[in-house]
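Colleague: sharing a model prediction with you, sequence too.
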Amino acid sequence: MKDWLEKIKGLFGKKDEEELITTVNTKYEVNLVPEIKLQMIKAQKIRNLVLFVCIVVSAAAIGSVLVLFGIKSGQDIAMANQDGKLKVLSEKMTGYSELGDLVAIQGQLTALSDIAENKKILSRVFGALDVMLPDGEDVVQLSELRVNLEEGMLNMEGRADARIDPLIDYRVLESFKKGAALTKYDYGRYVDVNGEEIPSWCIDESDADGNALKEGESYYAWWDLRRDGCGAMKQGASSDEVLGASDANMKTGLQYSADADVETQERELTQEEIDAQRGNGMNADEAKQNTENVENSENNGEPVKVTEVMRVKVWRTPQYEKWYQAGNMTMDGAISGIDHFESACIKYSGSKVGEVTRWTSDNECMLVPEGLTVTSSSNARDESNNLVLKFTATVGIEPAFFQFQNKHMIAIGPMGQNVTDSYVQIEGMFAQEVTECAANDSDCLYNVKNSGGN
């Protein structure tokens, strides 16, 4: 700005030649640095910057290496400690004499759920045969039976013998075939008054001979409260009834209906039981009164006796009208507020016809969906030399019938007879293999009286 001001002043004022020369010398600056020098200085700056960046990167890399080395060293130390512990534990385990048994048991425990899910019950095949075989004087007996549980296939060889008119063995075999096609099954669970499942091991559905428990046309089961994990309290039990209940009954949380049919027994109540149960369901006055009664009885030398419930009857067949009138069953078959059996196969329903309620049951579980197939038949003689019909047949049983997880299984025959999942008398189902007709036995070969048909 100063130079520009001087220049402006010179335009309007007079100056001698010397002043003009002096002014010119101070106004301009001559750059004496060559171009190559400028390029060198620029290159030095770039070099210094690159060198600085390299130093920073190298320092970071060295720090990272040091950190990783520290981590690895720590891991090596920790792993060495763990190896030492594992070596000590291994020595202890290998020195354990029953290690093999322990490992086997642990492996089995982890597989229990899979085993239970896939487990099948072979004995149920006899229950199925019991209701499929003709029931009466005509006889169908088996001499050989092969069972494939995976596919539910039965291959059998046996005899058919007509013992009532008309004496046609083919008629008996045909009866067996049609009966098998009409056979059904049912399974489910028993529940208490609140709908809680009763453990399967607490239920008895048959007598000592394997016959289903039946009263009239209704089937039932006994709920045994004396077994471990099977106890129950009566719904709305009074303090006296709570006092007389066993510890097992009080711990399960199960309850049976106040109107249920029960079997009881009388037993002596110990002081220890009274002390342990005194506070269950009683107020202070009731507990005190019970204590006084016990003490008075003991002073008189008389033991305290209580009536204890041993078994509770649980109906498998609904008590239709009784439960409907009591509000325990609806027209669409829903059951509640009563000990009963929840079927997985049978659906119940009711309908009003005037003043009468008609109840129906529909079972959708067919035991032999494809029916029984007779693969061969021929005349033969039995061990008593009687004429019979020898046959071979195959039948496919619904695989769900053999599943262990399907509890309280029952086979239902075409005439309504059934066999529960329990011991079944099988002696009459099997007999000695019959002998095919000899070449010179014309009575057997050409028999038309005791066998016939297409």
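Modeller: Received the coordinates, thanks.

Colleague: can you show me the helices along the chain?
Modeller: Using DSSP state H, the helices of the chain run over 2-12, 17-27, 35-94, 99-110, 112-118, 124-132, 169-181, 239-243, 247-251, 271-277, 284-299, 320-325, 442-445.

Colleague: could you list the buried residues of stretch 381-394?
Modeller: When neighbours are counted by 16 or more other CB atoms under 10 Å, the buried residues of stretch 381-394 are found to be 381-382, 387-391, 393. (Each C-beta comes from the backbone N, C-alpha and C, glycine too.)

Colleague: quick check, nearest of the residues you listed to residue 414?
Modeller: residue 393 (17.1 Å; CB to CB).

Colleague: ok, the nearest residue to that closest one once chain neighbours are set aside - contacts?
Modeller: For residue 393, ignoring the flanking residues on the chain, the nearest one in space by CB to CB, 6 or more residues apart in numbering is residue 374 at 4.8 Å. By CB atoms under 8 Å, 6 or more residues apart in numbering, the contact set of residue 374 is 173, 177, 391-393.

Colleague: so can I have JSON lines of the residues you listed showing distance to residue 57 and pLDDT?
Modeller: Listed next are these as JSON lines, based on distance: CB to CB, whole Å; pLDDT from 0 to 100:
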{"residue": "173", "distance to residue 57": "96", "pLDDT": "91"}
{"residue": "177", "distance to residue 57": "92", "pLDDT": "92"}
{"residue": "391", "distance to residue 57": "94", "pLDDT": "95"}
{"residue": "392", "distance to residue 57": "89", "pLDDT": "95"}
{"residue": "393", "distance to residue 57": "88", "pLDDT": "96"}
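
Colleague: save those residues as JSON lines, and put in distance to residue 192 too.
Modeller: As requested, those are arranged in JSON lines below (distance: CB to CB, whole Å):
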{"residue": "173", "distance to residue 192": "46"}
{"residue": "177", "distance to residue 192": "42"}
{"residue": "391", "distance to residue 192": "48"}
{"residue": "392", "distance to residue 192": "48"}
{"residue": "393", "distance to residue 192": "44"}
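
Colleague: identify the farthest-apart pair in the residues you listed.
Modeller: Pairwise distances across the contacts of residue 374 (CB to CB) peak at 12.7 Å, for the pair 177 and 392.

Colleague: what number of residues lie near residue 93?
Modeller: Look at residue 93: counted by other CB atoms under 10 Å, it has 11 neighbours.

Colleague: pull up the gap between it and residue 87, please.
Modeller: From residue 93 across to residue 87, the span is 11 Å (CB to CB, to the nearest Å).

Colleague: then residue 65?
Modeller: Look at residue 65 and residue 87: by CB to CB, they are 32 Å apart.

Colleague: that older thread, how close does the residue nearest to residue 393 get to residue 191?
Modeller: To residue 191, residue 374 is 42 Å away according to CB to CB.

Colleague: contact partners for residue 89?
Modeller: Contact analysis of residue 89 by CB under 8 Å, 6+ apart lists nothing.

Colleague: and residue 144, by the same measure?
Modeller: Taking CB under 8 Å, 6+ apart, one finds 156-158, 433 in contact with residue 144.

Colleague: can you pull the pLDDT of it?
Modeller: Here the pLDDT value assigned to residue 144 is 94.

Colleague: off-centre distance for stretch 385-402?
Modeller: Stretch 385-402 has its C-alpha centroid displaced from the chain centroid by 32 Å (CA atoms, centre = their mean, to the nearest Å).

Colleague: what about that stretch, start to end distance?
Modeller: Stretch 385-402 has its terminal residues 38 Å apart, counting by CA to CA, to the nearest Å.

Colleague: skipping adjacent residues, who's closest to residue 175 in space?
Modeller: Among residues not flanking residue 175 along the chain, residue 134 sits closest, at 5.2 Å (CB to CB, 6+ apart).

Colleague: that neighbour: how many residues sit nearby?
Modeller: By other CB under 10 Å, the residues close to residue 134 number 19.

Colleague: how many other residues sit next to residue 368?
Modeller: Using other CB under 10 Å, residue 368 has 23 other residues around it.

Colleague: avg pLDDT for stretch 349-369?
Modeller: Mean pLDDT, stretch 349-369: 91.

Colleague: and it, which residues are buried?
Modeller: Buried, per 16+ other CB under 10 Å, within stretch 349-369: 350, 365, 367-368.
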